[in-house]
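# return atomic coordinates for the entry below.
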Amino acid sequence: MKTLQQLLAPYPADQFFAEYWTQKAIHISADHSQKFQTFFSWGDLNDLLNYHKLTPPDLRFSMDGKLLLETPAPRDWSDRLRQGATLIVNAVHHRVPTVAELAANLRYDIGYETHVNLYCSPAQYQGFECHYDTHDVLILQIDGEKKWFVYRETVLYPTPNMSSANQPKPEEPPYLECVLKAGDLLYIPRGHWHYAVACEQPSLHLTVGIESQTGLNWLAWLIRDLETNPNWRQTLPVVVDGNMNALEQELAKLRQNLIETLHQPDILHRYIDALAYRALPPLPVSLPAQMGADIFPNGFMTRFTWSPLHRIRVKQIGEEHYQVQVGAKQLDLKGIPVNLAENLFNRDEFSLFDIADWAPDLNLEGDITPLMTRLITEGVLQVKTD
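Numbers count the residues shown, from 1 in each chain. Predicted structure coming up:
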C-alpha cells in the first residue's frame, strides 16, 4: 500500500483501515504544504482549461449549493468563478498523467476502481449543499483552505440508486469540523453527509472516489456469469388458468442449479480475478518504439520501464517458461533464465547493460533483442525517453 500510505502519512494505513475505513471521517494534517502538488497544481488546471476541450458533464459549475443547469462558454469561466461559482472537472485521471498514475496505484493498493475529480472554489463560497456520496472519498487539498462539516449517515451503506437528494438531511450536528490546508487529507465514508466552504483564498482540491464492491456487486457478477448457461436464459413456463405447478418445478430446478453453482470450488476466485482486471486502463501508447522503430536509441545505455499504470503479474509455467500478465495483456515467454526472470520482473527500470549482467549466457542478437522487441511492441514495456 505504498501510494495510499504516502497519502495518509504520517497516519499508518493499517490503523486507518481498522479505525476509520467505512466507519467515520478523519482529517490528516500534512507535514508540508506541497505534499500533493506532485500530482496536480494550478498550472495543471490552467493547462486543462486552455488546451483540452472540456464539455458537460465532464466540466460543470455549481453555485449557491446547486449545479448550474447551463455550463457557460469558456470565455465566461473566469467570470463565473469571480461571481462565486465552483468549477468541477470530472475524470481528471483520464487527462493528467500524474493523476492517472495516482488513480492506478491506489486501485492496486485498495483493490477497487478509483476515479479523480477536481474542484476549484473561490474564496468564502460553498460549492455544494449538504449531501452524501455513494462511494468513499479521499479529499486531497492542493492549495488554499476549505472548511468541512461532516455528519453521520442517515442511510447505512447507500448504493448508487439511493441518492441523498431523496433523503432527509441529518438533524444532529456535524461530528467533524475541520479546515483543510494545503497538503491535508480528508477521508469521508460513503453515506456520511458533508459540505465545505472555501476560506480566505481560492481553494483547489482533488477528490478520489473509491468504488468499493459489495455483496450486491458479487450477485450482479454472478448473474452475468449465469447468462452463459442457456437454462437461465430460457423462458419460464406460462401460468395456465392459474396453475403454477410447472413454474414452481422450473424454479426449483434453477434454485438447485444456483446452489450447485455457488458450491463450485473456483466460483469465489473467479470473481476475485474479475475484480483484479475490472476497468483497468489500456496499456500506454509508446511511439515509435511500439512500431518496432528506435527501440534501442541509446544502445546499451537505453533504459526501459514497465507500464506506470499497471502491476506486472508473473507465473512460472515450467523451466525457463513464464506467463506474464500486465493489465489485460498476457504473454507466454520461453527461454528466460531464472536469474533474468528474478531481476527483469522485479525492477521498475533497467538497461541493456543490466540484462547482460543478469543473463550473461544469452546472445544479444539472437535472444535479448527479440525478447525486448516483443515486450515493447506488445505494449507491456516502454523505452524510457527522459
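
# end to end on stretch 1-17, go ahead and measure it.
Stretch 1-17 has an end-to-end distance of 12 Å (criterion: C-alpha to C-alpha, to the nearest Å).

# one more: stretch 66-82?
End-to-end distance of stretch 66-82 (C-alpha to C-alpha): 17 Å.

# state the mean pLDDT of that stretch.
Averaged across stretch 66-82, the pLDDT comes to 90.

# can you check stretch 364-378 too?
Computed over stretch 364-378, the mean pLDDT rounds to 91.

# what residues sit buried inside it?
D367, I368, L371, M372, L375, I376 (16 or more other C-beta atoms under 10 Å). Yep, even glycine has a C-beta here, placed from its N, CA and C like the rest.

# who touches D109 in this structure?
M1, K2, T3, L4 (C-beta atoms under 8 Å, 6 or more residues apart in numbering).

# confirm T261 sits in a strand?
No. Remark: T261 does not belong to a strand; assigned using DSSP: H, G, I helix; E, B strand; the rest coil, it is helix.

# pull the contacting residues for it.
T261 is in contact with L222, D225, L226, I267, counting by C-beta under 8 Å, 6+ apart.

# tell me where the stretch 1-150 of the chain has strands.
26-28, 59-63, 66-67, 86-89, 113-121, 136-143, 146-153 (DSSP state E, counting those that start in this stretch).

# and the stretch 201-350 of the chain, by the same measure?
Taking DSSP E, counting those that start in this stretch to define them, one finds strands in the stretch 201-350 of the chain at 203-211, 303-306, 312-318, 321-326, 329-334, 349-351.

# so which of those comes closest to E248?
Checking these against E248 by C-beta to C-beta gives strand 203-211 as the closest, at 38.5 Å.

# burial of E129, as a residue count?
Neighbourhood size, E129 [other C-beta atoms under 10 Å]: 13.

# for burial, what's the neighbour tally of the closest residue to it other than its chain neighbours?
Residue nearest to E129 in three dimensions, not counting chain neighbours: G65, with 3.3 Å by C-beta to C-beta, 6 or more residues apart in numbering. A count of neighbours around G65, defined by other C-beta under 10 Å, yields 14.

# show me what G65 is bridged to.
Judged by DSSP bridges, the bridge partners of G65 are F128.

# hmm, it is touching F128, no?
Yes. Applying C-beta atoms under 8 Å, one finds G65 in contact with F128, separated by 5.7 Å.

# which residues do these two both contact?
Contact criterion C-beta under 8 Å, 6+ apart; residues shared by G65 and F128: Y195.

# so who does R311 touch?
Each residue near R311 by C-beta under 8 Å, 6+ apart is listed here: Y108, V326.

# per-residue pLDDT of it, please?
Per-residue pLDDT puts R311 at 89.

# before we move on, back to that, go through the strands of the stretch 201-350 of the chain and name the closest to G43.
Of all those, strand 203-211 sits nearest to G43, with 10.9 Å by C-beta to C-beta.

# partners of that closest one, with directions?
Partner strands for strand 203-211, per DSSP bridges, with pairing direction: strand 113-121 (antiparallel), strand 136-143 (antiparallel).

# hmm, T86 is touching Y125, no?
Yes. Applying C-beta under 8 Å as the test, T86 and Y125 come out as touching, 6.7 Å apart.

# more neighbours: those two, which one.
Neighbour comparison, T86 and Y125: the larger count goes to T86, with 24 against 19 (by other C-beta under 10 Å).

# what's the burial count for the residue lying closest to the more buried one once chain neighbours are set aside?
Nearest residue to T86 in three dimensions, chain neighbours excluded: G127, at 3.7 Å (C-beta to C-beta, 6+ apart). Applying other C-beta under 10 Å, we find 26 residues neighbouring G127.
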